[in-house]
Structures are given as structure tokens and as C-alpha cells.
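Colleague: fold the following.
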Amino acid sequence: MDMDLASELSKWVISPFRPSDIYFPPYDADEIRGILQDRIRIGLYPGVFSAPMLERIVEQTMESGDVRVGLDLVKRAVLNAECAARTEVVEEDITKAYEQAKHVHLAYTIRALSADERLLLRRIAELSQEEAGPLVSGAIYGPVEETPKVGYTVFSRQLRKLDSLRLVDLIRVQAGGRTSEVVLRYEPGTVVQICR
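Modeller: All right, here's what the predicted structure looks like:
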């Protein structure tokens, strides 16, 4: 959300309200399997998806980290099978669908970020392209600080949000302070392109 609730609401409302961001953990494989099975059972004829094909989609959904990819894969795989005049989804349908759908969740997630968070993610992606070694939070903070003037606390909170959304991985390192190695979970070029 780009809205600053503290400035939009009156002081009488904001005082007892105390809003905060809540990040939900990602679904595990069993939860994803259940969600996809329900959609397949309700939306498709029996036998369109075999158990091995469902497992393949569950694996790819777990790799991507977002159930929306799995839902999109089911839809695209069925459309691919239908275009090939098959009544059952095969591996080829899923592979082709994954090439089309693998970045759908990334685009949705990035769109949900505030402008400052997108700028930070884009900077991480750009530095990931440039740097040969591990990228540490201190190296990111300097350049990002120059654009939108943010304090280290806000910067740190934004990094933790990117980590909780599974866009980056934060790995604590012992470097004489609160330093984390920041590992981008996606292809840097794709992230830069989506962040534009």
C-alpha cells in the first residue's frame, strides 16, 4: 500500500488503531496440492489431470513460491492440451505452460510493493548483475539512501519485507554489525524489467 494511514486518518482514529503490516508464510506442498486438487475437481472433468502431472505442477509451484503460479499452470496446461486435441494433460503441456507462467507471480508481487520498495528491489537486482561476490546490505544501503532519503531502520524493514515475500533471501553474516547477505531469488534482468 502506498497510502500512509497516519497522515490520512485523524489523530483520534490513529491513536487506538495502530496499524501494522502482516506477512503470511508461504503455503507448503500439501496446502498447494489441496488447493490445486480442489480447483481441478471442481473445474475439470475427471481424468484430465493425472496424479503425476499434478505433482509436477506442485513442484513447480513450490519452486516459484507462489500458489498463483500453480493456478495459472493448471489453466494454461489445460488450454495447451485442448489446443493439441487431447483430453488429458501431459508433461509437454505443463512445460510449455511454465514458460508462460513462471514470472506471473513475480509481476503480481512486485506490483504490490510501494514505489520505494520497488526501487530497492530494482537496485538489488542491478547490483546483483554487477557484483561478482556476495551482496551485503551495507553495499545496498548507500546507493539506495541517495535516491529516496530513508533511514537504516526503514531500509532494514523494507529488506525484511522483500525476504518475507520471498523475493530475496537474507542471510545473517558476522561482519561487526547488523549485516546480512542479500541473495536475489530471481534472474536479475527479469526483476529489473518488471520493476520499471
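
Colleague: how about the strands in the protein?
Modeller: Assigned by DSSP state E, the strands in the chain fall at 168-174, 178-184.

Colleague: the first one - what's its average pLDDT?
Modeller: Strand 168-174 shows a mean pLDDT of 84.

Colleague: so what touches that strand?
Modeller: Outside strand 168-174, the residues that touch it by Cβ atoms under 8 Å, 6 or more residues apart in numbering are 121, 124, 136-137, 159-160, 162-163, 179-185. Every residue, glycine included, has its C-beta placed from N, CA and C.

Colleague: repeat that for stretch 126-144.
Modeller: 119-120, 123-124, 150, 152, 155-156, 159, 170, 173, 175, 177-184, 188-189, 192.

Colleague: which one of the contacts of strand 168-174 is nearest residue 43?
Modeller: Nearest to residue 43, judged by Cβ to Cβ, of the contacts of strand 168-174 is residue 185 at 30.0 Å.

Colleague: quickly note the distance from the closest one to residue 196.
Modeller: 19 Å (Cβ to Cβ, to the nearest Å).

Colleague: let me know which of the strands of the chain is tucked in deepest.
Modeller: Highest mean neighbour count among the strands of the chain (mean count of other Cβ atoms under 10 Å): strand 178-184, with a mean of 17.

Colleague: that one packs against which elements?
Modeller: helix 115-130, helix 137-146, helix 152-164, strand 168-174 (3 or more Cβ pairs under 8 Å, 6 or more residues apart in numbering; DSSP states H and E).

Colleague: same list, those, but as CSV with distance to residue 89 please.
Modeller: CSV is the format used below for the helices and strands packed on strand 178-184 (distance: least, Cβ to Cβ, whole Å):
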stretch, distance to residue 89
helix 115-130, 34
helix 137-146, 42
helix 152-164, 33
strand 168-174, 32
